[in-house]
Structure formats: C-alpha cells, structure tokens
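*Asks:* model this:
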Amino acid sequence: MKKIHYISLFVLLITFIGCSEDFLERKDLYRQLDENFYSNPEQISQALTAAYTKLTNNAGANNYNLVLSIMSDDRLGGGGINDLVPHDADEFTNSAEDTWNELWGTQYEGIFRTNMIINRFDQAEYDNEQDRNRDLGEAYFLRGYFYYRLAVLFGTVPVITDPSPVNLPRATPEEIFAQIGSDLKMAIELMPNIPWDHPDNNQAERNGHATKWAAEGIMARAFLFYTGFYGQTTMPLVDGGSITSAEVIGWLQDCIQNSGHALLNDPRNLWTYTADLVAPEYSYVADNGLLFAGDGNEEIVFAIKYASYSDWNYPGRTAYSNQAILYQGLRISSPDVMSGCLPFGDGWGFAPVNPYLWDSFEPGDVRQQGSILSLVDGLPEEQSIADAYVLGGEMGDPMYQETGYWSKKGLPTVVLQGLNIRGYYYVLYEGNQSMQHWNMQDDPILRYADVLLMAAELLGPGAGDVHLNAVRSRAGLGNASATLENIKRERRHELCFEGLRYHDLLRWGDADAAFAEASGFTVYTAGVPEDSPYTNHYNPERKFLKIPESQIRLSDGVLVQDPGWQ
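*Replies:* Numbering: from 1, shown residues only. As a prediction, this is how the structure comes out:
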C-alpha cells in the first residue's frame with residue numbers, strides 16, 4: 001500500500017495548490033483511491049507485485065530459507081562473534097526481544113496486501129476470464145504461502161483475512177492450516193493449466209509469478225508438515241471439508257505429468273558457480289562439463305526474483321538484491337585472498353556447514369562436492385582456495401563457529417573483469433558496484449526434484465520408486481526403494497541448504513535423534529580451535545521461533561507467547 005499512499009499524497013498536494021476553496025468540500029482522496037484502485041488488470045498487477053516484494057527481506061539475517069537452514073542440524077550459526085541473529089537461530093536462544101520482528105512483520109505485510117486484493121477483486125473489470133482467474137489465483141497462493149511461512153516459523157499465529165485493523169489471538173493449528181489449505185486449493189482451481197514450456201507462458205513477463213504447479217507443490221509441502229507434525233491423516237479446510245492424501249498425490253502427479261517442468265541433466269547446473277564466466281578460474285566447472293542453466297530454468301517451479309536496483313540509500317531497496325547470499329559469503333576482506341578464492345566471493349560468514357553432512361553422502365554422489373565447498377579435505381580442485389583462505393576471517397569481528405565447509409549453493413559468485421573482481425550478476429546487468437548489492441540470483445522455493453521426492457514419499461515403495469530414482473540417477477547413484485528411510489536420506493542430500501531440512505525433521509519426529517548426532521566436532525573462532533567440541537543446542541521446548549515481544553505488547557495481551565519462550 002506504500003505506492004498507493006505516495007500517489008495519494010502527490011495528488012492531494014497538487015490539488016491543494018491548484019484549486020479553490022471548494023477543495024475542503026471534496027471527498028477524501030486517499031479513501032477514494034483505496035476503494036477504487038483495484039479496478040483493472042494493470043492495478044491488480046501492481047498490487048500483486050507489491051505483495052511479491054514481501055517475500056524478500058532487507059537483511060539476510062531475516063531471510064526465511066537462511067534462518068531455517070541455520071536451525072537445522074546441517075548448519076551452524078557462524079558469522080562474527082557479535083552477530084547474534086545466526087547464533088540465536090543455531091542455539092535456540094533469543095538475545096533481543098525483537099530478533100525476529102522483521103521476519104514476522106514482512107509476512108503480515110504480505111498478508112495485508114493480498115487481503116486487499118482478494119477483498120477488492122470483484123470490482124476489477126477484465127476482458128479475459130483466464131487472466132482474471134490467474135491473477136486472483138496468485139493472490140490466494142501468496143496469502144496461503146505467507147501463512148505457511150508463519151506456521152512453520154512461529155507455530156500458531158493469528159489468522160487475518162480482512163484488511164480492516166483487528167487484534168486477534170493465535171489460531172489453533174487446525175485453523176491456520178485450514179486457511180493455508182483453502183487458499184492453496186483456490187489457487188490450484190483458479191490458475192490455468194499452462195505448461196512451463198508452452199508458448200502461451202511468456203517467460204519474459206511471467207517469470208517469478210506463481211503458477212498452478214507451484215500451488216500444487218506448496219500444498220503437498222503444507223500437507224506433509226501438518227499431518228506429520230500434528231499427527232493427522234487429513235488437512236482441514238475452512239468450510240469444514242478436508243484434504244486427503246489421495247488428493248495431494250493427484251496434484252503432485254498433475255504437476256509431474258503436465259507442468260512441463262523437468263530435472264536438469266546435472267544438479268550442479270542449478271547453481272551460479274557453474275556459469276560459463278566462472279570456468280576459466282575454477283577447474284571443477286570445466287573438468288566436469290558444467291554449465292549454469294540460468295535463473296528460471298525448467299527445474300524451478302517457484303523462486304523469489306531479485307534485480308539490479310539494490311541501494312542502501314533508499315528505504316526498502318536493499319531487498320532488491322539477494323541479501324542471503326551476501327550473508328553466507330566467505331568472511332574475508334583482503335583483495336589478495338579474494339582473488340585466490342575465485343569464483344567464491346566474500347560476505348559475512350553465516351551458516352558454515354556441519355562436517356557430518358559432508359561425511360553422510362554415498363560414494364559417487366555428485367551432490368557432495370557439487371553442494372559443499374570443502375577447505376579441509378585436500379581436494380585438488382579446491383586446493384588453491386584452501387591455500388588462499390585465512391581460517392577465521394580477517395575482519396575486525398572475527399569468524400565464529402568455523403568448520404571449513406561452506407554451501408556452494410549459497411556462496412556469492414564472483415569473476416575477474418579485467419583486473420577487478422566483480423559479482424557475476426554485476427558483470428551481466430551492472431547495477432550497484434558493491435559486494436553488498438551485486439548478488440541477484442534467484443532464491444529457489446520449490447524445485448521439481450522436491451515435487452518428485454514428495455510424490456515418492458506419499459506413494460511409498462513400489463509406486464514411488466520411479467520418482468525417487470529419477471533424482472538418484474541424476475546424482476550418479478543406483479536405484480533404491482522409496483522407503484521412508486531412503487526418502488529421508490535423499491531429501492537431506494538433494495535439498496540441503498534450501499530451508500527444508502529442519503521442518504522435515506520435525507514432521508518425521510526425528511529432531512531429537514538428528515540433533516544428538518550433530519555434535520562433537522571441532523569448530524574455530526578467529527582461526528583458533530575451541531577448547532571443547534561443538535555442542536548442538538536444540539531445545540525441543542522451542543521448536544518454533546519466539547514471537548517478537550513488541551508484537552505481544554502491541555496486542556495488549558491478546559497475543560500470548562509460546563510457552564517454551566516464557
């Protein structure tokens with residue numbers, strides 16, 4: 001609504017300057033815009049764009065996927081000694097009353113914007129019925145997805161479906177997932193059956209928009225979490241009905257058979273370090289014949305888009321770049337060290353990788369080295385980087401909880417441009433010439449590989465084998481039966497660092513055992529090994545993040561804190 005507010009103030013100012021005294025008798029222009037703005041496809045498109053922007057964050061520390069990735073057993077907090085946000089996520093503590101206020105607030109800002117669209121949509125006049133249904137379906141998808149984010153981040157939260165100011169208590173799990181299921185079901189039913197690769201699906205214009213296929217996949221994710229974590233067999237709907245496993249399987253099969261999405265030939269080609277500009281400086285890319293498939297490729301069912309307009313000097317513009325990539329960058333500052341670490345760039349050093357994850361891959365799995373940068377195993381392709389990198393970082397605030405393992409999926413990609421080191425996306429699109437702004441790669445939310453693995457899990461051994469083995473074969477592995485144990489291992493390795501591991505552990509009931517095994521290795525602070533092995537601080541009483549205390553106070557006691565945080 002900010003854009004509308006600015007427009008209304010401008011109109012108000014011009015009218016005041018140029019009109020006579022009868023101005024005072026005119027109708028409130030802000031209210032007039034609020035009531036009439038959602039009247040045509042162009043205005044609905046603008047409102048949807050405003051809603052999509054709330055999927056991004058101004059700081060990587062409050063990036064949805066990154067926070068959940070740190071909360072899992074596969075990553076640590078890292079960063080500087082004084083970076084409290086990743087430490088809180090890793091240790092299940094809360095150092096400040098409002099640590100997660102931005103993460104909470106952006107979801108509700110997105111919900112408010114989608115509520116405005118949905119509640120005003122009947123006044124929009126469309127010439128094309130398919131476009132009308134598509135746009136309304138996107139609004140329902142976004143609202144359902146924002147509520148899903150809140151449900152898995154904070155547990156139970158207030159459910160608000162009207163843009164009017166309200167002060168509501170936390171909903172029950174049944175109520176919040178009924179809203180999620182109902183919104184996603186509406187999205188599935190409204191959005192068109194246009195395959196990803198169909199000529200009518202204009203990628204130049206529609207890239208980054210949600211589709212029916214995205215709604216089907218997120219529906220499956222919500223269903224698996226709700227039924228698994230809360231011990232149910234179906235997921236409720238607002239009207240009193242329910243969603244069954246058979247329906248979810250049908251939606252996943254629809255996505256598999258009709259969406260046009262497919263697996264890339266090599267999972268490593270999903271990540272920017274395999275770009276053609278990188279190969280001359282990184283033998284691993286050339287030696288393995290890798291080539292980045294680009295953002296918005298056939299495997300990406302839904303992703304958050306970024307652009308080249310990021311700038312600290314304008315409120316909100318920081319979120320135009322992918323700040324989560326900056327926050328995961330190697331904690332280095334010397335140009336000499338950076339040139340030795342090509343193609344991986346510098347940043348704040350969040351979320352180092354647990355070495356036990358590296359050790360858990362099957363022999364021959366290309367995703368081990370394809371997903372993880374190891375600076376401690378003496379791999380020939382990484383040796384020059386390991387030789388250049390300074391353990392512990394060089395900044396005034398030294399590196400904390402370092403392991404020597406990093407996520408290749410999340411590291412900035414940089415290249416040589418003449419004699420200068422520049423971000424890969426800056427070389428392509430220019431923008432802000434700063435390492436804090438030049439990371440523009442997509443943030444994948446749903447990949448086709450995840451769709452296949454969810455289908456395999458729901459179908460089980462036999463019927464699910466074909467989907468599981470499509471993912472395994474691509475990784476260089478042999479066939480396996482779609483047992484739950486095999487699914488668990490495959491999801492961990494295929495989807496590592498993509499914000500899914502923690503909630504997989506919760507819904508499977510595996511969190512206690514997994515975190516118990518995720519301790520006992522050496523970590524470094526400022527390049528010095530700590531005296532005692534790393535101990536994971538998972539707290540089963542704090543499965544969800546603490547609701548910001550400012551939100552509790554603003555509710556005047558209506559909103560109650562989770563018992564584990566009281």
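
*Asks:* quick one: Leu218 from Leu224, how far?
*Replies:* Actually, residue 218 is Ile rather than Leu. Counting by Cβ to Cβ, to the nearest Å, the gap from Ile218 to Leu224 is 11 Å. (C-beta placed from N, C-alpha, C; glycine too.)

*Asks:* ok, now Arg149?
*Replies:* 15 Å.

*Asks:* among the two, which residue is more densely surrounded?
*Replies:* When Arg149 and Leu224 are compared for neighbours, Arg149 comes out ahead with 23 against 20, by other Cβ atoms under 10 Å.

*Asks:* residue ranges of the strands in the chain, please?
*Replies:* 235-236, 242-243, 300-304, 372-374, 405-407, 414-417, 420-423, 443-447, 524-525, 528-529 (DSSP state E).

*Asks:* present those as JSON lines; the columns should include mean neighbour count and distance to Ala293.
*Replies:* Output for these, formatted as JSON lines (neighbours: other Cβ atoms under 10 Å; distance: least, Cβ to Cβ, whole Å):
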{"stretch": "strand 235-236", "mean neighbour count": "24", "distance to Ala293": "33"}
{"stretch": "strand 242-243", "mean neighbour count": "20", "distance to Ala293": "33"}
{"stretch": "strand 300-304", "mean neighbour count": "22", "distance to Ala293": "9"}
{"stretch": "strand 372-374", "mean neighbour count": "22", "distance to Ala293": "20"}
{"stretch": "strand 405-407", "mean neighbour count": "23", "distance to Ala293": "19"}
{"stretch": "strand 414-417", "mean neighbour count": "21", "distance to Ala293": "18"}
{"stretch": "strand 420-423", "mean neighbour count": "20", "distance to Ala293": "19"}
{"stretch": "strand 443-447", "mean neighbour count": "24", "distance to Ala293": "12"}
{"stretch": "strand 524-525", "mean neighbour count": "16", "distance to Ala293": "35"}
{"stretch": "strand 528-529", "mean neighbour count": "12", "distance to Ala293": "40"}
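
*Asks:* which one, of these, ends up nearest to Lys185?
*Replies:* The closest of these to Lys185 is strand 242-243. By Cβ to Cβ, the value is 7.0 Å.

*Asks:* for the closest one, what is the average pLDDT?
*Replies:* What strand 242-243 shows for mean pLDDT is 98.

*Asks:* who's in contact with that strand?
*Replies:* By Cβ atoms under 8 Å, 6 or more residues apart in numbering, the list of residues contacting strand 242-243 from outside reads 181, 185, 219, 223, 234-237.

*Asks:* pLDDT weak spots in this structure?
*Replies:* Scanning the chain for pLDDT under 70 picks out 1-34, 203-204, 315, 393-396.

*Asks:* for the chain, which helix is longest?
*Replies:* helix 129-154 (DSSP state H).

*Asks:* may I see the buried residues of that one?
*Replies:* Across helix 129-154, burial judged by 16 or more other Cβ atoms under 10 Å covers 132-154.

*Asks:* try stretch 458-476
*Replies:* The neighbour-count check on stretch 458-476 (16+ other Cβ under 10 Å) flags 458-459, 464-465, 467-472, 474-476 as buried.

*Asks:* in helices only, show me those.
*Replies:* 458-459, 465, 467-472, 474.

*Asks:* need these in TSV (columns: distance to Ser72).
*Replies:* Conversion of these to TSV gives the following (distance: Cβ to Cβ, whole Å):
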residue	distance to Ser72
Leu458	22
Leu459	25
Asp465	27
His467	23
Leu468	21
Asn469	25
Ala470	25
Val471	20
Arg472	22
Arg474	23
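
*Asks:* wait, which of these is closest to Asn432?
*Replies:* Using Cβ to Cβ, Arg474 is the member of these that lies nearest Asn432, at 36.2 Å.

*Asks:* ok, the closest one - contacts?
*Replies:* Counted by Cβ under 8 Å, 6+ apart, Arg474 has contacts 263-267.

*Asks:* how far away is it from Ala210?
*Replies:* Counting by Cβ to Cβ, the gap from Arg474 to Ala210 is 26 Å.

*Asks:* still on that earlier bit, got the angle for the longest helix of the chain vs strand 300-304?
*Replies:* Here helix 129-154 runs at an angle of 70 degrees relative to strand 300-304 (axes from the mean of the first three to the mean of the last three Cα atoms, to 10 degrees).

*Asks:* can you give the distance of helix 129-154 from its chain's centre?
*Replies:* 15 Å (Cα atoms, centre = their mean, to the nearest Å).

*Asks:* packing partners for that helix?
*Replies:* Helix 129-154 sits against helix 41-52, helix 64-71, helix 101-120, helix 173-190, helix 212-229, with contacts defined as 3 or more Cβ pairs under 8 Å, 6 or more residues apart in numbering; DSSP states H and E.

*Asks:* relative to helix 41-52, how tilted is that helix?
*Replies:* Using the same axes, to 10 degrees: helix 129-154 against helix 41-52 is 10 degrees.

*Asks:* hang on, the earlier thing: possible to save the helices and strands packed on helix 129-154 as JSON lines with distance to Asp346?
*Replies:* Shown next, in JSON lines, are those (distance: least, Cβ to Cβ, whole Å):
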{"stretch": "helix 41-52", "distance to Asp346": "29"}
{"stretch": "helix 64-71", "distance to Asp346": "17"}
{"stretch": "helix 101-120", "distance to Asp346": "24"}
{"stretch": "helix 173-190", "distance to Asp346": "38"}
{"stretch": "helix 212-229", "distance to Asp346": "33"}
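
*Asks:* spit out the contact partners of Val528.
*Replies:* So Val528 contacts Gly392 (Cβ under 8 Å, 6+ apart).

*Asks:* for stretch 68-87, buried residues please.
*Replies:* Neighbour-count burial for stretch 68-87 [16+ other Cβ under 10 Å]: 68-80, 83-87.
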